[in-house]
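Engineer: Curious how this folds, go ahead:
(one chain, ligands or ions: 2)
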Amino acid sequence: MSKTALITGVTGQDGSYLAELLLEKGYDVHGMVRRSSTEKRERIDHLMDNPNFHLHYGDLADSMSLVKLIGTVRPDEIYNLAAQSHVQVSFDVPEYTADVVATGVLRVLEAVRVCGLEKTCRIYQASTSELFGKVEEVPQRETTPFHPYSPYAVAKQYGFWIVKEYREAYNMFCCSGILFNHESERRGETFVTRKISLAAARIAQGKQDKLYLGNLSSLRDWGYARDYVECMWLILQHDTPEDFVIATGEQHSVREFCEYAFREAGIELEFKGEGMDEVGIDKATGKVVIEVSPEFYRPTDVVNLWGDPTKAKTELGWNPTKTSFEELVKLMVRHDMKLVEKEN
Ligand code: NAP
Ligand code: F7E
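Structural biologist: Ligands and ions are numbered 1, 2, ... in the order given. Prediction:
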């Protein structure tokens, strides 16, 4: 008998890769989608003809829709990936972020109980390295104390603890993957890596003059989203429900990401100046192609994320370095070079 999975956030970066992976494994995959004024679902368009892929309307802000959906689908596994996932935007819409990112998790857990599936349904919660926030230890592992540092991170903190609470109170198989940043050619265009890969392609093709960024010194542990969804699945196949840090174990700055991405697009960069006055210069032409803008600074910013994936490696057999940082940047820029070629 094939397994049935429900993915919330199926139209997102991770949701689309996870749907592909589960379909390959023979699952019957159900995705929850929100109603929107455009039916643009480009990340999952290629899956629409698959008879084992089904979409349903629902919203993490609407308990009734969750109860109805979970009661109808009766999934063996739920992957709760839906979220207002942009950290900077969470400062603009903190209440909505809390409702979806924090209370939304509780709604999923309660819906599973209301439908009487708490003994059979395994639940994966998309947790985040943002929990470590203003970091108290480097690198960060499962035992590192949390210090969330944005409305998004505070909401994810609730999600993490309510999952743990339901595991202990009701003996449910629910776990959090504490995932560090993971990127891809499907990454939203306002996250820093995709913003850089697209700009590098446009600048190289003469379709954009400059790229404006915030904190260039911010450090991240960036992995490839396609590798990370494999880990989500492994976490739910484990013998016991546990939380895992998922990271590559390597750290780079935003500045370094720019250097690698522009190089792949054919532009060698040189950085000059400091803080708000720092600029990135095209060595060949002497033109300033990167500037710093206060618009992209956050009231509080997480600047030193670096994960230790030892537990996932040893207990799940997951390979954290399947796609290297260099390969990740290359595949994003190569994709965007082709995309930008088609732009007017
Ligand atoms: P993403 O591309 O922003 O996708 C978010 C998904 O959530 C989209 O499908 C979105 O639907 C859906 N969504 C948003 N609000 C919703 C609501 N109220 N009800 C139902 N669906 C809603 O995010 P991602 O990068 O794939 O990340 C997946 C999850 O992992 C998120 O929970 C994120 O917070 C977490 N996470 C991500 C990273 C990372 O580096 N990518 C790291 C750690 C944790 P629409 O298409 O309709 O907007
Ligand atoms: O920022 C700095 C920014 O927005 C990374 C989400 O998936 O990963 C993601 O959150 C860093 C920050 O990702 C710009 O200040 C500089 O320090 O790409 P980001 P994020 O905030 O780390 C975590 C793990 C999640 O859970 C989230 O859902 O880059 N930065 N200049 C900039 N960031 C943006 N977006 N734009 C800039 O111009």
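Engineer: Just the buried positions in stretch 235-249, please.
Structural biologist: Buried residues in stretch 235-249, counted by 16 or more other CB atoms under 10 Å: Ile235, Leu236, Pro241, Asp243, Phe244, Val245, Ile246, Ala247, Thr248, Gly249. Glycine gets a C-beta too; all of them are placed from N, C-alpha and C.
Engineer: I'd like those residues as JSON lines, with distance to ligand 2, secondary structure and pLDDT appended.
Structural biologist: Output for these, formatted as JSON lines (distance: CB to the nearest ligand atom, whole Å; DSSP: H, G, I helix; E, B strand; the rest coil; pLDDT from 0 to 100):
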{"residue": "Ile235", "distance to ligand 2": "16", "secondary structure": "helix", "pLDDT": "98"}
{"residue": "Leu236", "distance to ligand 2": "19", "secondary structure": "helix", "pLDDT": "98"}
{"residue": "Pro241", "distance to ligand 2": "21", "secondary structure": "coil", "pLDDT": "98"}
{"residue": "Asp243", "distance to ligand 2": "15", "secondary structure": "coil", "pLDDT": "98"}
{"residue": "Phe244", "distance to ligand 2": "14", "secondary structure": "strand", "pLDDT": "98"}
{"residue": "Val245", "distance to ligand 2": "12", "secondary structure": "strand", "pLDDT": "98"}
{"residue": "Ile246", "distance to ligand 2": "10", "secondary structure": "strand", "pLDDT": "98"}
{"residue": "Ala247", "distance to ligand 2": "10", "secondary structure": "coil", "pLDDT": "98"}
{"residue": "Thr248", "distance to ligand 2": "13", "secondary structure": "coil", "pLDDT": "98"}
{"residue": "Gly249", "distance to ligand 2": "15", "secondary structure": "coil", "pLDDT": "98"}
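Engineer: check the residues you listed against ligand 1, which are close?
Structural biologist: Near ligand 1, judged by CB under 6 Å from any ligand atom, there are no entries from these.
Engineer: now, which of the residues you listed sits nearest Tyr57?
Structural biologist: Leu236 (24.6 Å; CB to CB).
Engineer: so what's the closest one up against?
Structural biologist: Glu77, Tyr79, Arg122, Tyr124, Phe173, Cys175 (CB atoms under 8 Å, 6 or more residues apart in numbering).
Engineer: Tell me which entries of those residues lie within strands.
Structural biologist: With strands identified by DSSP state E, the entries of these that belong to them are Glu77, Tyr79, Arg122, Tyr124, Cys175.
Engineer: Kindly indicate the member of those with the most neighbours.
Structural biologist: With neighbours taken as other CB atoms under 10 Å, the top of these is Tyr79, carrying 30 neighbours.
Engineer: That one contacts Ser16, correct?
Structural biologist: No. In this structure, Tyr79 is not within contact of Ser16 by CB atoms under 8 Å, at 12.0 Å.
Engineer: Name the nearest of the contacts of Leu236 relative to ligand 1.
Structural biologist: Tyr79 (9.1 Å; CB to the nearest ligand atom).
Engineer: in the sheet, who's paired with that closest one?
Structural biologist: Beta-bridge partners of Tyr79, counted by DSSP bridges, are Ile7, Tyr124.
Engineer: can you list the ones in strands among the contacts of Leu236 in a markdown table and add distance to Glu95?
Structural biologist: Formatted as a markdown table, those follow (distance: CB to CB, whole Å):
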| residue | distance to Glu95 |
| --- | --- |
| Glu77 | 31 |
| Tyr79 | 25 |
| Arg122 | 31 |
| Tyr124 | 26 |
| Cys175 | 28 |
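Engineer: In TSV: those residues, plus pLDDT and distance to Trp161.
Structural biologist: Below are the ones in strands among the contacts of Leu236 laid out as TSV (pLDDT from 0 to 100; distance: CB to CB, whole Å):
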residue	pLDDT	distance to Trp161
Glu77	99	22
Tyr79	99	19
Arg122	99	19
Tyr124	99	16
Cys175	98	13
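Engineer: Local confidence estimate at the residue nearest to Phe53 when sequence neighbours are not counted?
Structural biologist: Leaving aside its chain neighbours, Phe53 sits nearest to Leu47 (4.8 Å; criterion: CB to CB, 6 or more residues apart in numbering). Predicted confidence (pLDDT) for Leu47: 98.
Engineer: Mind jotting down where the strands sit in the stretch 201-344 of the chain?
Structural biologist: Remark: strands assigned in the stretch 201-344 of the chain by DSSP state E, counting those that start in this stretch are 211-213, 219-220, 223-224, 244-246, 252-253, 269-272, 279-282, 288-292.
Engineer: OK, contacts around the residue in the stretch 1-150 of the chain that ligand 1 sits nearest to?
Structural biologist: Closest residue of the stretch 1-150 of the chain to ligand 1, CB to the nearest ligand atom: Gly12 (2.1 Å). Gly12 makes contacts with Arg43, Leu81, Ala82, Ser85, Gly188, as judged by CB under 8 Å, 6+ apart.
Engineer: give me the number of residues near Lys68?
Structural biologist: 16.
Engineer: picking up where we left off before, pretty sure the residue nearest to Phe53 contacts Leu23?
Structural biologist: Yes. With contact defined as CB under 8 Å, Leu47 counts as touching Leu23 (6.9 Å).
Engineer: and for the two, which residues touch both?
Structural biologist: Counting by CB under 8 Å, 6+ apart, the residues touching both Leu47 and Leu23 are Phe53.
Engineer: contacts for the helix or strand Ser127 falls within?
Structural biologist: For Ser127, the host element (DSSP states H and E) is strand 122-128. By CB under 8 Å, 6+ apart, the residues outside strand 122-128 that reach it are 9, 14, 76-81, 83, 105, 108-109, 112, 153, 156, 159-160, 163, 172-179, 232, 235-236, 241, 243.
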